[in-house]
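Peer 1: Okay, sequence plus prediction incoming.
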Amino acid sequence: MKLQLNRPIVFFDLETTGVNIAKDRVVELSYYKVYPNGTKEGKTYRVRPTIIDAMGLETTMHIPEQASAVHGIYDDDVKDCPTFNEIANEVAAVFEGADIAGYNSNHFDVPLLGEEFLRAGVQFDLTNRKMIDVFTIFTRKEQRTLSAAYAFYCGKDLTDAHSADADTMATYEVLLAQTERYPDLPTDVDGLAQYSAPPQRFADLAGKLSYNDKGDVVFAFGKYKDVPVSEVLVKDSGYYGWIMQGDFPQYTKNVIANIKLQQRLATAKR
């Protein structure tokens with residue numbers, strides 16, 4: 001069954017230095033872009049991960065051994081590769097105007113990629129984008145891993161699992177097979193995005209902030225869970241400082257900082 005596309009859709013996968021959205025970096029990015037007319041294109045980038053040191057200089061980040069053991073990418077493999085800053089504009093152009101799909105992408109790949117774009121100073125606007133998470137569809141239907149999903153839906157072994165390129169292509173094939181297997185599963189991007197969306201509508205990429213029924217941005221974690229951010233910033237100013245200095249994704253911090261800025265502007269007008 002063919003996916004119903006109104007605009008291009010980018011299937012992508014990341015291999016990273018770890019699983020901390022705020023601190024870890026991309027070491028490999030693969031994408032497979034499908035156009036409404038059936039045209040397809042893809043590419044894999046190897047990336048030298050970097051951090052800003054105490055002197056404010058960009059330095060190469062070591063890929064932890066436990067991460068390398070998963071994806072097989074070591075420091076020597078990326079020592080001559082471009083940094084994310086150097087490819088950010090090119091990658092952003094791939095995603096521009098396209099919907100997005102991945103495997104567990106709503107919870108990990110999209111938020112981490114968003115953090116990389118923020119650090120690079122490149123706009124990554126997800127407004128009006130549809131995001132399909134093949135993992136969510138799979139777990140609602142079968143409760144399995146990507147390798148098992150590939151074997152279950154496509155009858156093949158994922159021999160190169162945890163390679164971004166192999167995982168990206170497997171994700172695309174699994175989604176096509178899912179639309180074939182389940183008659184009740186939509187084949188259009190809007191329907192698939194709605195089916196694979198989390199039960200809450202989040203205000204940030206990492207799922208730390210969500211919207212309540214009134215459309216207010218509320219905390220989705222901690223002691224102020226479900227309490228509007230605007231209320232917390234008034235009654236507990238220290239909480240703002242704790243978040244800004246804490247180990248939270250920059251995208252999340254930006255949303256909260258913008259709410260605080262709007263409060264200040266509203267106060268100044270009185």
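Peer 2: That came through fine. In this text, all values refer to a predicted model and were calculated from it rather than measured experimentally.

Peer 1: can you tell me how far the residue most central in space within the chain sits from S237?
Peer 2: The residue lying closest to the centre of the chain (CA atoms, centre = their mean) is V110, at 0.9 Å. As defined by CB to CB, to the nearest Å, V110 lies at a distance of 31 Å from S237. The C-beta positions use only the backbone N, C-alpha and C, and glycine is treated the same way.

Peer 1: so the residue nearest to the centre of the chain makes contact with G102?
Peer 2: Yes: V110 is within contact range of G102, at 7.2 Å (criterion: CB atoms under 8 Å).

Peer 1: Can you show me the strands along the stretch 101-250 of the chain?
Peer 2: For the stretch 101-250 of the chain, the strands defined by DSSP state E, counting those that start in this stretch occupy 131-133, 209-211, 217-219.

Peer 1: that older thread, give the contact list for the residue nearest to the centre of the chain.
Peer 2: The contact partners of V110, taken as CB atoms under 8 Å, 6 or more residues apart in numbering, are 100, 102, 126, 131, 205.

Peer 1: What residues are bridge-paired with T50?
Peer 2: For T50, the beta-bridge partners are T60 (DSSP bridges).

Peer 1: Number of residues surrounding it?
Peer 2: By other CB atoms under 10 Å, 17 other residues sit near T50.

Peer 1: Show the pLDDT at it.
Peer 2: Note on T50: pLDDT of 97.

Peer 1: again, but for D160
Peer 2: Reading off the model, D160 has pLDDT 82.

Peer 1: next one: Q143
Peer 2: If you check Q143, the pLDDT there is 60.

Peer 1: Also P64?
Peer 2: Looking at P64, its pLDDT is 96.

Peer 1: That one reaches G18, doesn't it?
Peer 2: Yes: between P64 and G18 there is a contact under CB under 8 Å: 6.1 Å.
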